[in-house]
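Peer 1: sequence first, then the predicted structure, then my questions.
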Amino acid sequence: MHGVKRGILISFEGVEGSGKTTQAKALVDWLALHKIPNVFVRDPGSTEIGEKIRDILLDRKNRGMHAKCELLLFLAARSQLAYEIMLPALMDKKIVVTDRFSDSTYAYQCYARGLPLRLVTIFNRFAAAGLKPDITFLVDVDAAKRRERGKFTDRMETEAEDYHQKVQHGFLLMARRAKKRYIVLDGKKSIDELHRDVVHHIKEILTRKGYKI
Ligand SMILES: Nc1ncnc2c1ncn2[C@@H]1O[C@H](COP(=O)(O)OP(=O)(O)O)[C@@H](O)[C@H]1O
Ligand SMILES: [Mg+2]
């Protein structure tokens, strides 16, 4: 880790059932195998406070939640995650792998629910301590594939199909706008093929940032 200044923040994004968690965990296992210090988190969640907020967000009893309340809860959980886990880990030169991050907020709350992107961007920057992923993997799958894979039960997952399509569209739009940061993975590929793609990109960024593999 000679010459490494700060850790690397890697996010996995995509709609429900796209395969984010599978790939994020496979990457963390790969990092551990190569003795590269890492931390795996999920957003919302991973802190004690964040997990409680996550329960509120996903509870189907909370159908009446206003879009603004939803946004602020996601940001509250992210804020705790950023300050309690992510920033210290990055200062410690660790690789932080997160299952979802800010782009999920833009895709779900802005592109799909219609909250104003410019305002949410400012709120998010405040909440997320200015943290931005160095690299974002978007697992791109169509609606049919997604349905085939998922068992959808929580409040967010059981939203109408049209909503998930808007989310998917939002992610693809962001990927086009931030080509340098985004890597779009073809979610039709097998789990192993996708993992190989992820590792290929990770090796490149680790080398560039001064890590020894
Ligand atoms: N590339 C893939 N091909 C086939 N099945 C997959 C693939 N990726 C994930 N799966 C399966 O699809 C389901 C959802 O994957 P998961 O990683 O939990 O998605 P997400 O975290 O995006 O909701 C799991 O049962 C997983 O094993
Ligand atoms: Mg998941």
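Peer 2: Looks like it came in fine. Numbering: from 1, shown residues only. Ligands and ions are numbered 1, 2, ... in the order given.
Peer 1: how near is the residue nearest in space to the middle of the chain to ligand 1?
Peer 2: With distances taken as CA atoms, centre = their mean, residue 100 lies nearest the centre of the chain, 1.6 Å away. Noted for residue 100: a distance of 9 Å to ligand 1, by CB to the nearest ligand atom, to the nearest Å. The way it works is simple: take the backbone N, C-alpha and C, and place the C-beta from them, glycine included.
Peer 1: would you confirm that that residue contacts residue 12?
Peer 2: Yes. Assessed by CB atoms under 8 Å, residue 100 is found in contact with residue 12 at 7.0 Å.
Peer 1: overlap in contacts, these two.
Peer 2: Jointly contacting residue 100 and residue 12 under the rule CB atoms under 8 Å, 6 or more residues apart in numbering are residue 20.
Peer 1: moving C-terminal of the helix or strand bottoming out on mean pLDDT in the chain, what's the next helix or strand?
Peer 2: Averaged element by element with mean pLDDT, DSSP states H and E, the chain has its least confident helix or strand at helix 143-149 (a mean of 77). The helix or strand immediately downstream of helix 143-149 is helix 161-177, counting by DSSP states H and E.
Peer 1: what residues sit buried inside that following helix?
Peer 2: Across helix 161-177, burial judged by 16 or more other CB atoms under 10 Å covers 164, 166-168, 170-172, 174-175.
Peer 1: residues in contact with that helix: which ones?
Peer 2: The contact list for helix 161-177 (CB under 8 Å, 6+ apart) reads 13-16, 103, 106-108, 110-112, 136, 138, 140, 143, 146, 182, 184.
Peer 1: can you rerun that using 6 Å?
Peer 2: Outside helix 161-177, the residues that touch it by CB atoms under 6 Å, 6 or more residues apart in numbering are 13, 15, 103, 107-108, 111-112, 138, 182, 184.
Peer 1: so which elements touch whatever helix or strand comes next after that helix?
Peer 2: On the C-terminal side of helix 161-177, the nearest following helix or strand under DSSP H and E is strand 182-186. Strand 182-186 sits against strand 135-140, helix 191-208, with contacts defined as 3 or more CB pairs under 6 Å, 6 or more residues apart in numbering; DSSP states H and E.
Peer 1: show me what the first one is packed against.
Peer 2: It refers to strand 135-140. Packed against strand 135-140 by the contact rule (3+ CB pairs under 6 Å, 6+ apart) you find strand 8-13, strand 182-186.
Peer 1: close to ligand 1: what parts of this structure are there?
Peer 2: Neighbours of ligand 1 within the chain, by CB under 6 Å from any ligand atom: 14, 16-22, 149-150, 189-191, 194.
Peer 1: quick one, what contacts the closest residue to residue 100 other than its chain neighbours?
Peer 2: If the residues on either side of it in the chain are set aside, residue 100 comes closest to residue 43, at 4.8 Å by CB to CB, 6 or more residues apart in numbering. Contact partners of residue 43, counting by CB under 6 Å, 6+ apart, are 78, 81, 98, 100-101.
Peer 1: what's the burial count for residue 126?
Peer 2: 11 (other CB atoms under 10 Å).
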